[in-house]
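Trainee: Give me coordinates for this.
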Amino acid sequence: MTTGSAYYHLDDRTRVVPQVRAGGRPLPPELADRIQRVVVDTHRLRPDMFEITFLDRDLTVARSSGLAVGTAIGITSGSAADGNQIELISGEVTAIEGSYGRVNRTIVRGYTQDHRLQRSRRSRSFPNRKDSDVVREVAREYGLPLGTVHPTRTVHVHIGQVNQTDWEFLRGRADALGYDVGVVDGKFCFTRPVDVRRGKRPLAVEFPFGLRVFRPRITAGNLAPTTELRVWDPADRRARSASAPTATTGVQLPDADPGTLSKPFQPDSAPPRAANPALGELGPAPRPQAFAVTTVPAGTGSGIDAAAREAVAGAAEQLGSTVAEADGEAVGDPRLRAGTVLEVGGVGPVFDGRWLVTRAVHTYDVDGYFTAFEVSGRQERSILGLTAGVRTAPPQLIPGVVCGVVSNIGDPDGLNRVQVVLPWLSPEFVSDWAPVALAGASTGAAALFLPEVGDEVLVAFEFGDPRRPYVLGGLLNRKSKPDLGGKPVLTRGSTATVAWRGLVSPTGTGWPSTTNGPPVRSPRRPRARSCWAPSAGTWRWSSTRSPARSRCGARTAARSTSRRAAAGWSTSAAARSST
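Mentor: A predicted model of the protein is given here:
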C-alpha cells in the first residue's frame, strides 16, 4: 500500500474523501469504494495531472469501470475546515496501468486538456499577428474553450513555429513575455503573471497550524539590478536595447527585492570609451550593471522597440523570480493550487509575507489529505524540467546552413530582403524577411544580384535561431539553366577542366569567358574573351589576350545603365561596384 509523502510523515493529516466524476457522472459506489489513493498535481508551467489508484482484487476495474482512455474526469474536494466542494481538476484519461502482485491495483492517469498540444511537432508561420492572436488561433484548432486571454501590444511581421509541438511553441512565446499559458478551471488562458501585491486575494496559512512544513530561502546569487535586452537591427545597421529593473511579481517580502540585494556585489562603472566616428551610429553601449540578454530576436524595423520592451519585461521577471523560493506542506486545502497567493505567517519577519505557488500536489491516501507545494517563480525545478528543458523560450535551433527556396521578393521596406520556404521542414513554413549577402556590399555600393522567386538558396540563421535568417547565396540544381555558350566543365577522359566562366542574366544576355575554343563575341564589345570589369561610373572591357595587346573601352554611366536595364540587371548605383 502506498502511504506517506515526499515530505514528512504527519500523523494528524486531514482525512477527506475526494469526489470523482467520470463522463460527467459520479463513480458508482462499488467503484468509488475501491479508490485507495488520489493525487492531483497542479503546475504553472505544464499541464495539470491526476492519478487515481483502485484496489482491484478481482481484476475487473479496468473492464467494468468505464474509465477508458479519453474519458472525461473531474475531481472535487472539500477541506477539513470547510466541506464545500471545490473542483481541483477537470481533465481526461490518457493512460491505464496495472500493478499486480500480493496486492492488485489498477491506476488511471490523465491530464488537463492542454496536454493535447504536446503531441505532434509542427512547422508553420503566422504573419502580422500578435501573440494573443496566435494563442486564440491555436486553442480553436483543438476545440478548447477560451478563458482569459490578455492582449499583447506588438504586431509581429512574422512569428514562426519551427518543428515544435504547439505546447512548446506557446510556452516559449509566453515565457518570452513573462506570461502564463494553459488550462485553468477547464478553459485555455494566456495571462499576465499574477502580482502578489494586488488583485488576487491571498490564502492565509500559519505555521505550525495549517502550514505544517515550510522551507524558504532568499538569495542574491546571479542577480543584477537591471535586465537589458540587446538586439541587432539589420535594417538600420545598429544595435537596439531595452531595459527593465530586475524584479518579480511572485513574492512580497521585506528583504527580497532583487535590485537591492544585488547592488553590493556590482562592479564600479568604467568610463565609456570614445566612439569611432568612422563607424557611424552603432547603438547604445551595454549598461555596466545590467544582466544582458543577447539571443532573443525582437523583430525589425519600426516595431523592434515595442517588441524589445515587451520581451525585456519577461526576461526581468525570469531572472528576478530566482530571488526567493520555498517548498512546504500544508493541511489539505483544495484552494491551494498553482497560481494561488499564500499569505504566510508565523515563520519570522524575514519570511512572513506573500508567496505565489508554482506547484501544488494534493494527495489523498490512508494517511489522510495533505498538500505539498513549491514556490520557484518561473523556474522548472523538477527532474523533468532540468533534463528536458520544459521551459523552451527559444524555438528549436537550426545549426549550420540549410537549403531553401525563395518565395517572396517584395520586401515592404525596400531593403531587398527575401522570404524563404524550407520545404524539408514544411512547405507551409515561410521565414521572416532575410537579408541577402552581397559581394562587396558597403554603404554606397554592392554587386546587386538578387535571387528570384523559385530560386534555391543557402540559408543560415543568427545564433541558429530560425527567427533570424540570412541568405548566403544561390545554388544551382537540375532546374537551373544558365547558358554561357557551352558546358561550364569540359570532361576529357578521367580529367575535367573549367571551360566557361562569366555572367548570364535571366533574359539570356551574358558576359562569357572561355578558356577553350575561339574568342567569344560579347554583347558589349566584339571579339572579347573576358567579361566586364566595372569601375566607378564607367564600364571597361578587357581581353584575355596578353597585356600588350589588351584593348579597353569606356561607356558612360548613363549609357551603360540603359543597356543593363535592357539586359535584365539592376540599374541601381549599387550595381556599379566590382564583383
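Trainee: Show the contacting residues for the nearest residue to residue 141 once chain neighbours are set aside.
Mentor: Excluding the flanking residues, the one nearest residue 141 by CB to CB, 6 or more residues apart in numbering is residue 166, at 7.8 Å. For every residue, glycine as well, the C-beta is placed using N, CA and C. Neighbouring residues of residue 166 by CB atoms under 8 Å, 6 or more residues apart in numbering: 117, 118, 122, 138, 141, 142.
Trainee: Then residue 89?
Mentor: The contact partners of residue 89, taken as CB under 8 Å, 6+ apart, are 40, 42, 48, 50, 73, 74, 75, 112.
Trainee: hang on, the earlier thing: mind checking which of the contacts of residue 166 land in strands?
Mentor: residue 122 (DSSP state E).
Trainee: gap between the residue nearest to residue 115 when sequence neighbours are not counted and residue 99?
Mentor: Of all residues not flanking residue 115 in the chain, residue 47 sits nearest, at 4.5 Å (CB to CB, 6+ apart). Distance of residue 47 to residue 99, computed by CB to CB, to the nearest Å: 24 Å.
Trainee: Neighbour count: these two, which is higher?
Mentor: Higher neighbour count among residue 47 and residue 99: residue 47, with 22 against 12, using other CB atoms under 10 Å.
Trainee: got a list of what that one touches?
Mentor: Applying CB under 8 Å, 6+ apart to residue 47 gives the contacts 111, 112, 114, 115, 118, 167, 182, 183.
Trainee: rerun that using 6 Å as the cut-off
Mentor: Shown in contact with residue 47 (CB atoms under 6 Å, 6 or more residues apart in numbering): 111, 112, 114, 115.
Trainee: Out of the residues you listed, give me the two with the largest separation.
Mentor: Largest separation among the contacts of residue 47 by CB to CB: 111 and 114, giving 7.5 Å.
Trainee: helix/strand/coil for residue 318?
Mentor: When classified by DSSP: H, G, I helix; E, B strand; the rest coil, residue 318 comes out as helix.
Trainee: Could you give the number of residues near it?
Mentor: Counted with other CB under 10 Å, residue 318 comes out at 21.
Trainee: quick one: it and residue 196, what's the gap?
Mentor: Distance from residue 318 to residue 196, by CB to CB: 17 Å.
Trainee: shaky segments in the stretch 201-350 of the chain?
Mentor: Within the stretch 201-350 of the chain, the stretches with pLDDT under 70 are 269-272, 274-276, 279, 298-303.
Trainee: would you list every one of the helices in it?
Mentor: For the stretch 201-350 of the chain, applying DSSP state H, counting those that start in this stretch gives helices covering 258-262, 304-320.
Trainee: got JSON lines for those helices, with distance to residue 146 too?
Mentor: Converted to JSON lines, these look like this (distance: least, CB to CB, whole Å):
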{"stretch": "helix 258-262", "distance to residue 146": "34"}
{"stretch": "helix 304-320", "distance to residue 146": "21"}
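Trainee: right, so the ones you listed: which one is the most enclosed?
Mentor: Burial among these, expressed as mean neighbours by mean count of other CB atoms under 10 Å, is greatest for helix 304-320, which shows a mean of 22.
Trainee: Other residues contacting that helix?
Mentor: By CB under 6 Å, 6+ apart, the surrounding residues in contact with helix 304-320 are 154, 176-178, 227, 229, 233, 240, 242, 244, 246-248, 258, 291, 293, 296, 298-299, 378.
Trainee: What ranges does the stretch 351-500 of the chain have for its strands?
Mentor: In the stretch 351-500 of the chain, the strands defined using DSSP state E, counting those that start in this stretch lie at 353-356, 359-365, 368-375, 401-408, 419-422, 426-430, 456-461, 469-474, 489-492, 495-498, 500-504.
Trainee: Residues in contact with the first one: which ones?
Mentor: Judged by CB under 6 Å, 6+ apart, the contacts made with strand 353-356 from elsewhere in the structure are 194, 196, 202, 250, 251, 252, 253, 341, 342, 343, 344, 375.
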